[in-house]
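Student: next comes the sequence, and after it the predicted model I'd like to discuss.
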Amino acid sequence: QKEVEQDPGPLSVPEGAIVSLNCTYSNSAFQYFMWYRQYSRKGPELLMYTYSSGNKEDGRFTAQVDKSSKYISLFIRDSQPSDSATYLCAMSSAYSGAGSYQLTFGKGTKLSVIP
Amino acid sequence: GAVVSQHPSRVICKSGTSVKIECRSLDFQATTMFWYRQFPKQSLMLMATSNEGSKATYEQGVEKDKFLINHASLTLSTLTVTSAHPEDSSFYICSARVAGAHNEQFFGPGTRLTVL
């Protein structure tokens, strides 16, 4: 079992739809959870950052973390064609040492928002 | 937000030559920088972790003599691909962790390397 599982899609939705993206993970040491958006041939852009369990909202984006289920989600409300990109979940643990602060990424979900 | 730049954005070189890629944190100090490579339609693969003033830590399977990393200052890390071969062609991306902050990493725009 991989440490982080993410459905690669592709996922196509009509403009204005609510998009739900999610990742599951197996390492209970993960405490920091991030969502990145990556446009084609560009570097990933940090969208959301959360620590431990809970919800975080930023504009049209909501990130949820359920550590008991080892499940994280990103919701996009009122999706726009400009949201079309690959969304990567990433996570890391809080311990210090040689591997500290390293991110473990999901494979990314390719999203297309159709006008 | 924190800005990370990479230079060059695109490079084409002949087999056997060396290529240097620069990664700079423009508006913050980065004690730790990371180098990734990404193949088409694949996720990011961590190559090495670079801490300012010390030797980089390479991931298993990454040749440290081939991928030379230098992190001489809190705002600059360089990756040199030595004696490049066509199989080294890839998208190389760096990221920087904000010193003293949480675990947020900010990524550069990437460098597309093509080795002929």
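Tutor: Looks like it arrived, so ask away. Residues are numbered from 1 along each chain as shown, chains lettered A, B, ... in the order given.
Student: my read: residue A:80 touches residue A:15, true?
Tutor: Yes. Using Cβ atoms under 8 Å, residue A:80 is in contact with residue A:15, at 6.4 Å. To be clear about C-beta, it is placed using only N, CA and C from the backbone, and glycine gets the same treatment.
Student: can you pull the residues that touch both of the two?
Tutor: residue A:113 (Cβ atoms under 8 Å, 6 or more residues apart in numbering or on different chains).
Student: what distance do you get for residue A:57 to residue A:63?
Tutor: Computed with Cβ to Cβ, to the nearest Å, the distance linking residue A:57 and residue A:63 is 8 Å.
Student: who touches both of these two?
Tutor: With Cβ under 8 Å, 6+ apart applied, the contact sets of residue A:57 and residue A:63 do not overlap.
Student: which one's more surrounded, the two?
Tutor: Neighbour tally, residue A:57 and residue A:63, criterion other Cβ atoms under 10 Å in any protein chain shown: the higher count belongs to residue A:63, 22 against 12.
Student: thought the more buried one was touching residue A:50?
Tutor: Yes. The pair residue A:63 / residue A:50 is scored as a contact, 5.2 Å apart, by Cβ under 8 Å.
Student: got any residues that touch both of the two?
Tutor: If you check residue A:63 and residue A:50 against Cβ under 8 Å, 6+ apart, the residues they both contact are A:33, A:56, A:72.
Student: measure how buried the first one is and give me the count.
Tutor: Residues near residue A:33, counting by other Cβ under 10 Å, number 26.
Student: report pLDDT for it.
Tutor: Reading off the confidence values, residue A:33 has pLDDT 93.
Student: what are the bridge partners for it, then?
Tutor: When bridges are taken as DSSP bridges, the partners of residue A:33 come out as residue A:50, residue A:91.
Student: now do the second one
Tutor: Following DSSP bridges, residue A:56 is listed with bridge partners residue A:63.
Student: wait, it sits on residue A:50?
Tutor: Yes. Counting by Cβ under 8 Å, residue A:56 touches residue A:50, with 4.9 Å between them.
Student: in chain B, where is pLDDT below threshold?
Tutor: The model of chain B has pLDDT under 70 over residues B:1, B:99-103.
Student: near chain A, which residues of it show up?
Tutor: Proximity of chain B to chain A, by Cβ under 8 Å from any Cβ of the partner chain, involves residues B:1, B:4, B:6, B:32, B:34, B:42-44, B:46, B:49, B:57, B:91, B:93, B:95, B:97, B:102-110, B:112.
Student: buried ones among these?
Tutor: Neighbour-count burial (16 or more other Cβ atoms under 10 Å in any protein chain shown) applied to the residues of chain B next to chain A gives B:4, B:6, B:32, B:34, B:43-44, B:46, B:49, B:57, B:91, B:93, B:95, B:97, B:103-110.
Student: against chain A, how distant is residue B:21?
Tutor: In this structure, residue B:21 and chain A are separated by 12 Å, where distance is defined by Cβ to the nearest Cβ, to the nearest Å.
Student: state the helix or strand in which that residue lies.
Tutor: Assigning secondary structure by DSSP states H and E places residue B:21 in strand B:19-25.
Student: can you list the buried residues in that strand?
Tutor: Using 16+ other Cβ under 10 Å as the test for burial, strand B:19-25 gives B:19, B:21-25.
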